[in-house]
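[1] Have a look at this fold, sequence not included:
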DNA sequence: ACCACTTAGTGTCGTCAATACACGAACATG
DNA sequence: CATGTTCGTGTATTGACGACACTAAGTGGT
């Protein structure tokens, strides 16, 4: 006897708040919806769970499909399950946040999205569905994780200067860190290893570091 | 035109790891399954999401239905989405942990459960589905939260002694705290307020405290 | 009434992490 | 070669954390 469906089956989707650092400021990736509901509105990228797919994989796949990039870091944020949050039908949204190094910026909208674009957090448009709330939760989660420093590596190139790392820390947490204390903290954490190379910019070169172990 | 179901719709359930403190040791509440699959095996309480019900409410409802108690504290743990985790069909499990004060122990099994019983963590039976993994994650989550101290209030009566609080802290985190340092930490956190009353036991009475603000 | 026992409650010191603060070094540019 | 800008470092002070031993207050038994 086949299993009978005794329980309601909601749709399940992942939504991803993708962050990157551009000119020292945190930006979030939004897509303009190409279909109803909320056609023309901006929304977080995301999509429905496929059969035989884990939730994490769904988030990675959607990210790849909608932006063409692989997430460096993918962290769970929360579930959103308010009954009316999607006007079509019951949709449970599993929210993630992803961090990308600022280089990979080849955005390519797919069929569901009219366009994809980076927005600085200070200039957010009104978002579709409850995506404003999801984004706010994602920012909280990100800020909490960033205090461990090592999640920030996902925002930076493989080798980076301590000034870059501190800039990322400040942009994400909002805190202002004192340079010498920040360097001592990083040294105590032991999460970076110094390399023999230096970044040559327009002034004194800065030593390059990489993620430890 | 009604919305058409373009995406697979998995079942969605909540599973709850319910903890309490009995004789100073952390216990978890398990039910013996009364139906296939895993009939006769022990499992975490939980059940399927109802229409128009938030995930949190589902967890609270299942807890009330299966044990007759209202959760003092309900915290999200993680989602479990491995495709084969339920042999019947695709089920996404949203895991929560709940804390109960040790008094409320009127366990009443419902139709789905042959019986409900508290198990000390040292004497766990083999669990149905992937509930062993869920429980392990719940314990990690609990231990992390317990370092903030205030979640522990949910394990204690409304007024409690500092020794009780420390006992809960040690049982949950596994750490051994030094009495004077623990008291200093609690004072620094400011999360308790002393009352004018004392607990009279078999020796010197201990001042009762309550959750602050 | 007294004693023995058990738990409650407190103060100090050493160590270490977090904060604040100012200057010389290295390179690019004009 | 002078100037400007970023890189990079040492020290003193404070507050948290960990280890440590004793007195205080009640119960229970004799």
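    It's in. If you're wondering where the values come from, they're calculated on a predicted model, not measured in any experiment.
[2] helices and strands of chain A: which one bottoms out on pLDDT?
    strand A:113-120 (a mean of 84; mean pLDDT, DSSP states H and E).
[3] how about the strands in chain A?
    For chain A, strands defined by DSSP state E occupy the ranges A:11-22, A:25-33, A:42-43, A:46-48, A:73-80, A:91-99, A:113-120, A:159-161, A:192-199, A:206-211.
[4] winner for burial among those?
    Counting by mean count of other C-beta atoms under 10 Å in any protein chain shown, strand A:91-99 has the highest mean neighbour count of the strands of chain A, with a mean of 25. From N, CA and C alone the C-beta is placed, and that goes for glycine too.
[5] got the angle for that one vs strand A:73-80?
    Put simply, strand A:91-99 runs at 150 degrees to strand A:73-80, going by axes from the mean of the first three to the mean of the last three C-alpha atoms, to 10 degrees.
[6] Chain A against DNA strand D: which residues are in contact?
    Chain A comes close to DNA strand D at residues A:161-163, A:179-181, A:183, A:198, A:201-207, as judged by C-beta under 7 Å from any atom of the strand.
[7] Farthest pair within those residues?
    The largest separation in these, counting by C-beta to C-beta, is between A:181 and A:202 at 26.1 Å.
[8] need the residues of chain A near chain B, please.
    Residues of chain A lying close to chain B (C-beta under 8 Å from any C-beta of the partner chain) are A:3, A:5-12, A:48-56, A:76, A:78-79, A:81-83, A:88-90, A:92, A:94.
[9] filter those residues to the buried ones?
    A:7, A:9-12, A:48-49, A:53-56, A:76, A:78-79, A:81-82, A:90, A:92, A:94 (16 or more other C-beta atoms under 10 Å in any protein chain shown).
[10] doesn't residue A:44 make contact with residue A:62?
    No. The criterion here is C-beta atoms under 8 Å, and residue A:62 misses it with residue A:44 at 10.0 Å.
[11] Wondering if stretch A:195-204 reaches DNA strand C at all.
    Yes. For a cut-off given as C-beta under 7 Å from any atom of the strand, stretch A:195-204 has contacts with DNA strand C, namely A:200-204.
[12] ok, the residue of chain A found nearest DNA strand C - how many residues close by?
    Residue of chain A nearest DNA strand C, by C-beta to the nearest atom of the strand: residue A:204 (3.0 Å). If you count neighbours by other C-beta atoms under 10 Å in any protein chain shown, residue A:204 ends up with 7.
[13] give the contact list for residue A:205.
    A:198-199 (C-beta atoms under 8 Å, 6 or more residues apart in numbering or on different chains).
[14] and what of residue A:15?
    Applying C-beta under 8 Å, 6+ apart, the residues contacting residue A:15 are A:44-46, A:80, A:93-96, A:131, A:134.
[15] Quickly note the distance from it to residue B:52.
    21 Å (C-beta to C-beta, to the nearest Å).
[16] Equivalent analysis for residue A:8, please.
    For residue A:8, the distance to residue B:52 - C-beta to C-beta - is 9 Å.
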